[in-house]
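J.: Here's a sequence, model it:
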Amino acid sequence: MASLIEKLLKAQAELKAPKGNFNSFGKYKYRSAEDILESVKPINAKHGLLLTLSDEPILVGDWHYIKATANVTDGTDNHTVTAYARESLTKKGMDDSQITGTASSYARKYALNGLYLIDDTKDADTDEYQKQTQKNEFKPITQKQVGLLQLKVKEIAKLRNVDESEVYKTLKISDVTKLSTEFASKSIKTIEGWIKKASEADDTKAKA
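T.: Numbers count the residues shown, from 1 in each chain. All right, here's what the predicted structure looks like:
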């Protein structure tokens, strides 16, 4: 009788989870937890595997994380993989329960990726991979960048005695959460330059 590891290895080899969703803003396809589950259910049934998913909220400092656990069993042995996703402070058009749900979906997706060895990048020998790497692929802003950008905006707004909305308008930013990592990085550097000039101007006035 095959062991759990042998059954899981076969399931990993057979699983093909297509990227069934499209991000209209970033113009890229992506794979959701639902896409993975839809593809893996018949494979698990074939090999006598039961997959269960669970979530657990965890507070780390001032941030709330969702810890997702993906567990597979053959009735005798178990194999578990966990992943984490942080709740955003705000999400335009979403209430608190939807924000938590989004974090849960991300965490579950990455737990499933680890359990079934799913790589979210393209194979290096495919034409699609070559096309993808030859263009600037959209990479969404990180939570660290969101926090840093907001902090810098507050700082320059205070130095120039203007409303924060004016700073965002100048940077042509309507929604921080929809920026790319590249645009966010450039915006942060731009603000840092403004802060440096504003500070130097204040020093000059103070000396005068």
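
J.: If you count neighbours, what's buried in the helix or strand containing Gln145?
T.: Using DSSP states H and E, Gln145 sits in helix 143-160. Residues of helix 143-160 classed as buried: 145-146, 148-149, 152-153, 155-157 (neighbour count, 16 or more other C-beta atoms under 10 Å). (Glycine included, C-beta is placed from N, CA and C.)

J.: can you check stretch 28-45 too?
T.: Neighbour counts over stretch 28-45 (16+ other C-beta under 10 Å) mark 31-33, 35-37, 39-40, 43-44 as buried.

J.: Take those residues and write them to CSV, including secondary structure, distance to Thr73 and pLDDT.
T.: Shown next, in CSV, are these (DSSP: H, G, I helix; E, B strand; the rest coil; distance: C-beta to C-beta, whole Å; pLDDT from 0 to 100):
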residue, secondary structure, distance to Thr73, pLDDT
Arg31, coil, 24, 84
Ser32, coil, 24, 87
Ala33, helix, 19, 90
Asp35, helix, 23, 91
Ile36, helix, 18, 93
Leu37, helix, 16, 95
Ser39, helix, 19, 94
Val40, helix, 14, 96
Ile43, helix, 15, 97
Asn44, helix, 10, 97
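
J.: Could you pull up the contacting residues of Asp35?
T.: With contact taken as C-beta atoms under 8 Å, 6 or more residues apart in numbering, Asp35 is in contact with 17-21.

J.: try 10 Å
T.: If you count contacts by C-beta atoms under 10 Å, 6 or more residues apart in numbering, Asp35 has them with 17-21, 109, 112, 118.
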